[in-house]
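**Student:** here is the input, now give the coordinates:
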Amino acid sequence: MSSKIYSFKKEERLCSKKFLTELFDNGSSFLIYPYRVIWLNSPNQNQAYPIQVVISVPKKRFKSAVDRNLIKRRTKEIYRMGKEEHLYPAVNTHQKKILLGLSYVGKEIHDFDYLQQKLHTLFKTLILKVQENAGI
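**Tutor:** Here you go, the predicted structure:
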């Protein structure tokens with residue numbers, strides 16, 4: 001396998017203030033502990049990747065930047081490794097573009113395997129929600 005599949009490029013990250021505001025104001029959400037997921041069909045249908053994602057860990061729960069960065073790094077790595085296998089095929093079959101927000105709402109730092117299991121469950125749930133929204 002080439003390492004290109006497992007990349008996590010700038011274009012895949014949700015950075016636009018306009019789209020972030022749109023996502024958090026109008027997005028649908030669900031909870032799969034320790035993540036709160038906010039998603040929205042993208043108003044920008046020209047985006048290069050099917051999903052643009054933002055990952056956040058609140059300063060209120062984790063005062064130390066080291067802890068916040070650890071959680072974000074683990075989440076990004078799991079997302080990077082699982083998106084091509086779990087998310088992109090389902091989203092591409094419906095020709096959808098999605099804005100996705102992952103907020104860590106847990107109170108403790110979980111290990112990589114636990115987070116991986118939860119993110120894979122989250123991916124499956126997100127796909128079901130996208131399909132429901134598409135009327136399939």
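
**Student:** what segments of this structure are helices?
**Tutor:** With DSSP state H applied, the chain shows helices at 17-26, 65-82, 88-93, 112-134, listed in chain order.

**Student:** among the ones you listed, which is nearest Lys10?
**Tutor:** helix 65-82 (12.7 Å; C-beta to C-beta). (Each C-beta comes from the backbone N, C-alpha and C, glycine too.)

**Student:** outside of the closest one, which residues touch it?
**Tutor:** When contacts are taken as C-beta atoms under 8 Å, 6 or more residues apart in numbering, the neighbours of helix 65-82 outside the stretch itself are 6-8, 35, 53, 55-57, 59, 62, 102, 104, 109, 112, 115-116, 119-120, 123.

**Student:** buried ones only from the residues you listed, please, as a PyMOL command.
**Tutor:** Typed into PyMOL, the next command selects the buried ones out of the contacts of helix 65-82 (criterion: 16 or more other C-beta atoms under 10 Å):
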select buried, resi 35+53+55+56+57+62+102+104+109+115+116+119+123
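
**Student:** low pLDDT regions in this protein?
**Tutor:** Counting by pLDDT under 70, the low-confidence segments of the chain come to 1-4, 134-136.

**Student:** neighbours around the nearest residue to Ser103 once chain neighbours are set aside, how many?
**Tutor:** The shortest distance from Ser103 to any residue that is not its chain neighbour, by C-beta to C-beta, 6 or more residues apart in numbering, is 4.4 Å, and that residue is Arg36. Summarising burial for Arg36: neighbours were counted as other C-beta atoms under 10 Å, giving 17.

**Student:** also the one 10 residues further on?
**Tutor:** Asn46 has 6 neighbours, counted by other C-beta under 10 Å.
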